[in-house]
Structure formats: C-alpha cells, structure tokens
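Undergrad: take this sequence and fold it.
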Amino acid sequence: MSTIDTTCVNAIRVLAADAIQKAKSGHPGLPLGSAAMAYELWGNHMKHNAKNPEWANRDRFILSAGHGSMLLYSLLHFYGYGLTMDDMKQFRQDGSLTPGHPEYGHTIGVEATTGPLGAGMGMAVGMAMAEAHLASIFNKQGYPIVDHYTFALGGDGCMMEGISSEAFSLAGSLGLGKLIVLYDSNKISIEGSTDIAFTENVQKRMEAFGFQTITVDDGNDLAAIGCAIEEAKADTKHPSFITVKTQIGYGCPAKQGKASAHGEPLGEENVKALKENLGWPKPEESFYIPEEVYAHYSELAKKGESAETEWNRLFDAYVAEFPEQRKLWDKFHHAPDAKALLEDDGFWAYEDKPQATRNLSGTMINRLKNIMPQLIGGSADLAPSNKTHMKDAGDFSREDYAGRNLHFGVRELAMAAIANGITLHGGLRIYVGTFFVFSDYTKPMIRLAALMKIPVTYIFTHDSIGVGEDGPTHEPVEQLAMLRALPNVNVFRPADATETAAGWYLAVTSKETPTALVLTRQNLPQLAGSSKEALKGAYVVADSNKQTPDGIFIATGSEVSLALEAKEELAKEGIDVRIVSMPCMDIFEQQSNAYKESILPKKVRARVAVEAGVDFGWGKYIGLDGATVTMKGFGASAPANILFKKFGFTKENVAQTMKQIVKN
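TA: Next up, the predicted model:
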C-alpha cells in the first residue's frame with residue numbers, strides 16, 4: 001500500500017469517527033473496518049461519476065449494512081458528490097443530508113435506502129437482474145451500452161437475515177455474473193462474538209447457492225482486495241461472493257475487535273488515540289483532512305468522468321447505427337403517456353359478464369405489455385393463481401434474460417426487495433404478486449418502497465374469506481388495515497372491470513407512490529354505476545333519489561355489489577340510501593374537501609361500512625353513529641358462499657344493519 005493510499009483509507013476512518021463523535025450517535029465499527037475495501041473498490045474497480053450521479057451505465061453500490069452510513073458519506077464527500085464538510089458535521093441531525101441510515105432520493109449518490117439488514121442484498125439482486133434484462137434488449141455486437149456491475153457490501157447481520165438467503169438463492173439460480181457481494185466478515189455482532197448464534201460456513205452456503213466464492217484474509221490488503229474484485233468480474237457465469245476478513249473498529253486500540261465498537265461513538269479520547277495510532281496529522285483537531293487527500297480523490301474521480309465520456313461516444317455511435325433503438329431506449333426510460341392511457345377506449349374496455357378481479361387484472365397486464373415494453377413482472381410461484389403471466393413475453397432465466405416474466409419461487413420477502421432494486425436501477429416498471437394473506441411477508445420491503453417513493457406495483461389476490469376451503473391460514477382479514485396504515489402506499493381494492501382498470505392506470509402512472517392492487521378469487525358482476533371516477537378513490541356508484549339520502553353504504557371490492565343488493569332490499573321498506581364505492585382510501589384523502597363532502601356529506605350520519613376485513617380504520621368514515629359489517633375475527637374452512645353467509649355478508653344482514661342505524 002502506497003503512502004497516499006494509506007492516507008486516503010485512513011481519511012475515511014478519521015472522518016467517520018469525527019462525525020459520529022460529534023453527533024454522539026452512530027456506528028463507527030464498520031467504517032473503520034471496511035474502509036480499505038471501500039477505497040479499493042471505489043477508486044480502482046467501480047465506474048461512477050460524481051458529476052453525473054444518474055449516469056445510466058454507472059456501476060451500482062449498495063451499502064446493505066446501512067448502519068455504517070458514515071463509510072458511504074465519507075466516500076461521497078471525498079469524491080465530490082456534493083456532501084460538504086458541514087454536511088459531515090451535521091451527521092444524524094435534523095434536516096441534514098447525512099441521516100443515520102442512507103436514504104435514497106435524499107442524499108445524492110445513495111442508490112437505495114438501507115438499514116433493515118439484508119434488504120440491500122435483495123435490492124442488489126434486483127439491480128443485477130435489471131442490468132441483465134436491459135443488456136439483452138439493447139446491446140448489439142460491438143455496442144455494450146448496458147454493461148455495468150452491482151456491488152453490495154454487508155456484514156454478518158446481513159448474512160444472518162433470511163432475506164439474503166432468499167435473494168442469493170435466486171441470484172445463483174439465474175447466474176447473475178454482474179453481481180458482486182463484499183462480505184465484511186469481522187465475526188462481531190451487537191451481543192458479542194458471532195459464535196454465540198452464527199457458526200455456519202457462510203462460504204459453503206454461498207457456494208451452494210451458485211456463487212463463486214473468494215476469500216481475502218487481510219481486510220487492509222488493497223492488492224489482495226483488488227485481485228479478488230477482478231477475479232469476481234472474470235467469472236461471467238456466476239455471481240461472486242468475496243469474504244473480506246476485517247476487524248471491527250480497526251485502528252482504535254481500546255475498541256478494535258470488540259462489540260463496543262459497533263454502535264456507539266468511540267469517545268473523544270479514543271478518537272484521538274485512533275488518529276495517533278494511524279499516524280494521522282493533528283490528532284487533536286476534529287475534521288482535519290490534508291489537502292493531498294482531496295487531490296488524490298480528485299484524480300481518482302477523473303476515471304469515472306473519462307468512463308462516462310467514452311460511453312457517451314459509444315452511445316452516440318450506437319444511436320447513429322440503430323436509430324430505432326433510441327426511440328425504444330426513451331420509451332423504456334419514461335412513464336407511459338397518462339393522458340393517452342386515460343383516453344384509450346381499448347384500455348378501459350371489458351366484457352359485461354361476472355369475472356374475478358384477479359382475472360381482470362391479468363387482462364390489464366396483457367394490454368399494458370403492448371403499451372409499455374419496459375413492463376416486467378411475476379409472482380412468488382403463483383402466476384397461474386395471481387394471473388400475472390404476460391403471454392408470449394418469454395421467461396427471464398439464465399438462458400434468456402430478455403424474458404419479461406419473472407419467476408421468484410416461494411420467496412415473497414426477497415421478491416419485494418428485488419422489485420425495489422429493479423425499480424431503483426431505472427429503465428423498467430415492475431409488478432409482483434402473491435396471495436394477499438402473504439403480503440405479511442412483503443410488508444417490510446413495501447415500507448422501504450414507500451420511504452424511497454418508488455412506484456412498485458403489488459398484485460395481491462385471494463383477498464378475503466372468499467378464499468374459502470383453504471381456511472383461516474389463507475384468508476386475509478387484517479391485511480387491508482395493515483397496508484392502509486403505511487404512509488405513501490395506495491391500497492386499491494376494485495369492485496369490477498372498470499375499477500380494476502382504474503387501479504392499473506393509477507399504478508403505472510404513479511411517480512412516487514407504490515400501489516397495492518387487492519383482488520378477488522371469486523367472480524363479481526360488472527356494475528352499471530362504476531366509472532373512471534374510481535380514480536378519485538371513492539365515488540357514488542348508486543345514489544339515493546332523495547336530496548339527502550337516508551343513509552350511506554361505503555363498500556370496497558366484492559362488497560360493493562352486496563351493498564347494491566342491500567339497497568334494493570331497503571327500498572322495499574321506503575329507505576333510500578346512497579352507495580359509495582371506496583376502492584382506495586389513500587387517494588380519496590387526497591381529494592378536495594368539497595369533493596369529499598359531496599361524496600360523504602357530514603349531515604348524513606347513518607353510515608355503514610361493508611368490507612370483508614376487520615373494521616380497523618373505518619371509524620373516520622362512519623363516525624360515532626355508524627356501524628360496520630366486517631370481520632370480527634379470523635375466517636374458517638368452507639366454500640366461499642357458506643363463509644360469506646356465516647360471517648354476515650348477506651344482503652339481509654347488511655340491510656338490517658342500516659335499518660338499525662337509520663332508526664336511531
């Protein structure tokens with residue numbers, strides 16, 4: 001290691017330690033231990049350009065161990081991504097560009113929001129899948145315009161989390177040769193040595209998944225780390241897993257190799273001792289970085305600028321030879337024309353016969369595949385049930401990365417993380433599917449999608465006790481409430497074909513919000529009153545003849561038609577009610593107060609919510625005087641029609657519930 005290399009590696013360590021100490025909060029252990037591998041990767045093996053962080057052919061870097069965020073912030077600072085020394089000094093402070101864990105869209109150069117351990121590994125797999133698919137679509141002989149790597153760095157915690165195993169198992173099966181994982185192996189977790197709970201041979205596990213495995217015994221040996229990265233790149237048939245043996249808290253005499261280095265500031269005396277031990281100039285001065293460090297990083301950064309300049313020339317020549325590909329490239333990298341889609345009669349057309357909304361969703365997918373060549377998606381081994389298959393679009397596999405149908409296997413959690421990674425990569429629009437009850441497995445990654453403001457689409461079928469004979473293990477009751485509780489997620493439960501089309505329209509035109517389409521297994525009738533007004537989240541599907549309705553039914557999905565039947569029953573007794581279909585509470589809440597009042601006038605206090613889920617969340621719409629026809633517990637195993645009757649979802653019970661409210 002040259003003198004300047006040593007100094008620049010130690011600059012990462014010193015800056016991280018100072019920032020964490022000033023914040024009196026943070027995780028110094030990983031930045032100190034992993035500084036050398038990060039320096040070698042970013043400086044000599046990774047294509048990136050701080051002057052254009054969005055360059056399409058850059059290599060992607062995901063710090064899966066997001067608690068070590070000061071490692072990433074230090075790199076972004078030194079390479080000139082816009083993080084100033086003042087930003088370093090504001091680490092973990094309100095409104096700063098250096099929050100406790102890296103946040104996508106908040107800090108330039110951060111490719112993914114990380115923190116929940118292992119999530120970054122799943123998103124890295126998604127990015128590698130996106131690169132492989134786009135390369136298969138766009139690359140021509142002599143024109144590798146999509147040709148980059150995905151690097152992920154994580155530690156023992158990432159490797160313990162089950163999501164990593166799910167994602168790596170798929171990555172190995174797909175032979176993602178452009179995926180390179182760096183494993184910061186320091187054998188320390190918060191509670192002490194990893195031996196207390198983690199003694200497996202990680203390399204053998206990764207080998208079994210189908211990875212090339214490489215080991216670097218000294219985490220400070222830049223040459224060995226560099227050779228390992230190049231060896232990983234040389235294997236084009238397998239993803240690579242590089243174990244780099246490090247010492248947590250490296251360089252701090254009192255903390256090195258100890259669990260106490262993980263998640264707390266070193267302490268002022270220990271920071272000074274760290275600097276003295278590393279031979280750092282002016283050890284008593286906080287945030288001191290010699291000018292030669294910045295000069296050297298500036299020289300390293302020029303490699304990325306040159307790489308992009310060279311790629312731009314290649315792309316211009318590519319476009320000149322294949323002009324039709326430029327149009328396709330632009331189409332992949334832009335959202336569909338929302339106005340054209342809204343006015344496309346073919347998109348909104350439907351057959352006037354009872355159909356399950358899962359089937360209707362499948363029809364919409366196959367319409368969209370011809371409108372959106374960038375649409376890609378699949379299911380967690382449930383495509384025949386979720387109706388997620390795109391006809392004549394091929395299967396994404398190690399033999400054919402051009403296929404648009406993704407097969408995730410029974411890996412719901414990894415599937416959702418991979419969807420995030422594919423979306424973050426850019427150039428593709430993804431949907432993923434499973435049974436609604438298994439949305440529990442996807443929820444942590446949906447939460448990250450919402451945080452990152454990325455428009456992933458989730459298809460959740462078999463949405464209620466309508467699942468029937470499979471019983472309560474497969475009958476979602478609380479999942480609607482769970483997803484509705486998430487900020488920035490549009491939970492859309494359509495009642496018929498028009499509303500299903502509306503849900504898909506909102507999903508594919510969304511810019512910053514994930515969409516969950518919650519769909520039935522059982523057939524539903526097409527509703528005479530349904531319309532594109534569903535795009536407002538709630539609307540009147542059948543009104544009262546009275547200026548002020550006697551009451552209002554608010555229903556979603558399969559229960560809208562039930563409410564309409566109850567309306568007819570009530571009319572026989574002179575009770576005239578309004579039926580409001582509310583496919584999406586989230587979007588309804590975004591409407592003007594005037595619109596909301598026109599749908600749910602405050603003076604009509606007799607309100608009944610009808611939904612085959614728990615009543616949690618309905619109080620704001622029914623008020624103190626209202627009632628619900630909802631689930632009060634788990635379901636049961638029986639044919640769907642028996643269960644709907646058993647749990648009160650009949651026109652008689654729904655009508656009777658309204659009668660009691662109206663009388664009061």
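Undergrad: any idea how the chain splits into domains?
TA: 30-248+287-306, 338-524, 536-663 (automatic domain parsing).
Undergrad: can you lay out those domains as TSV showing mean pLDDT and mean neighbour count?
TA: Bear in mind the C-beta positions are built from the backbone N, C-alpha and C, glycine included. Output for the domains of the chain, formatted as TSV (pLDDT from 0 to 100; neighbours: other C-beta atoms under 10 Å):
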stretch	mean pLDDT	mean neighbour count
domain 30-248+287-306	98	21
domain 338-524	98	21
domain 536-663	98	19
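Undergrad: how about these in CSV, adding distance to K255?
TA: Below are the domains of the chain laid out as CSV (distance: least, C-beta to C-beta, whole Å):
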stretch, distance to K255
domain 30-248+287-306, 8
domain 338-524, 31
domain 536-663, 46
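Undergrad: out of those domains, nearest to N312?
TA: domain 30-248+287-306 (9.0 Å; C-beta to C-beta).
Undergrad: so which of the domains of the chain gets nearest E324?
TA: Minimum separation from E324 across those (C-beta to C-beta) falls at domain 30-248+287-306, 11.4 Å.
Undergrad: now do the end-to-end distance for the closest one.
TA: Terminal residues of domain 30-248+287-306 are spaced 31 Å apart (C-alpha to C-alpha, to the nearest Å).
Undergrad: of all the domains of the chain, which lies closest to V14?
TA: domain 30-248+287-306 (7.5 Å).
Undergrad: so how far is that closest one off the chain centroid?
TA: Distance, stretch centre to chain centre, for domain 30-248+287-306: 18 Å (C-alpha atoms, centre = their mean, to the nearest Å).
Undergrad: and for stretch 256-263?
TA: Taking mean C-alpha positions (C-alpha atoms, centre = their mean), stretch 256-263 and its chain are 31 Å apart.
Undergrad: please save the CA atoms from it in PDB.
TA: What follows is stretch 256-263, C-alpha atoms only, in PDB (Å, rounded to 0.1, in the frame of the first residue of the first chain):
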ATOM      1  CA  GLN A 256     -10.600  -2.800  17.800                       C
ATOM      2  CA  GLY A 257     -12.200  -6.200  17.500                       C
ATOM      3  CA  LYS A 258     -14.800  -5.600  20.300                       C
ATOM      4  CA  ALA A 259     -18.600  -5.400  20.200                       C
ATOM      5  CA  SER A 260     -18.500  -2.000  21.800                       C
ATOM      6  CA  ALA A 261     -17.100  -0.600  18.500                       C
ATOM      7  CA  HIS A 262     -20.300  -1.400  16.700                       C
ATOM      8  CA  GLY A 263     -23.000   1.000  17.700                       C
END
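Undergrad: quick one, strands of the stretch 201-350 of the chain?
TA: In the stretch 201-350 of the chain, the segments counted as strands under DSSP state E, counting those that start in this stretch are 212-216, 240-245.
Undergrad: the inter-axis angle of the last one versus strand 212-216?
TA: Just to be clear, that refers to strand 240-245. Taking axes from the mean of the first three to the mean of the last three C-alpha atoms, to 10 degrees, one finds that strand 240-245 is oriented at 20 degrees with respect to strand 212-216.
Undergrad: contacts for strand 240-245?
TA: Residues from elsewhere that reach strand 240-245 (C-beta atoms under 8 Å, 6 or more residues apart in numbering): 34, 37, 168, 177, 179-186, 202-203, 206, 211-219, 225, 228-229, 231-233.
Undergrad: out of those residues, which sit inside helices?
TA: Judged by DSSP state H, those include S34, M37, F168, V202, Q203, M206, I225, A228, I229, E231, A232, K233 as members of helices.
Undergrad: for the fifth one, give me its contacts.
TA: Listed by C-beta under 8 Å, 6+ apart, the contact set of Q203 reads T213, T215, F241, T243.
Undergrad: the same query, at a cut-off of 10 Å, please.
TA: Contact analysis of Q203 by C-beta atoms under 10 Å, 6 or more residues apart in numbering lists Y183, S185, F211, T213, I214, T215, F241, T243.
Undergrad: between the residues you listed, which sits nearest K651?
TA: Using C-beta to C-beta, F211 is the member of these that lies nearest K651, at 57.6 Å.
Undergrad: chain neighbours aside, what residue packs nearest to the closest one?
TA: Of all residues not flanking F211 in the chain, F241 sits nearest, at 4.4 Å (C-beta to C-beta, 6 or more residues apart in numbering).
Undergrad: next one: F460
TA: F460 sits nearest to F436 (C-beta to C-beta, 6+ apart), 3.8 Å away.
Undergrad: dump stretch 67-75 to PDB, restricted to CA.
TA: Extracted C-alpha coordinates of stretch 67-75, given in PDB (Å, rounded to 0.1, in the frame of the first residue of the first chain):
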ATOM      1  CA  HIS A  67     -25.800   1.500   9.900                       C
ATOM      2  CA  GLY A  68     -22.300   2.100   8.700                       C
ATOM      3  CA  SER A  69     -23.600   5.100   6.700                       C
ATOM      4  CA  MET A  70     -20.500   7.300   7.500                       C
ATOM      5  CA  LEU A  71     -18.500   4.900   5.300                       C
ATOM      6  CA  LEU A  72     -20.700   5.900   2.300                       C
ATOM      7  CA  TYR A  73     -21.000   9.600   3.300                       C
ATOM      8  CA  SER A  74     -17.200   9.800   3.500                       C
ATOM      9  CA  LEU A  75     -16.800   8.300   0.100                       C
END
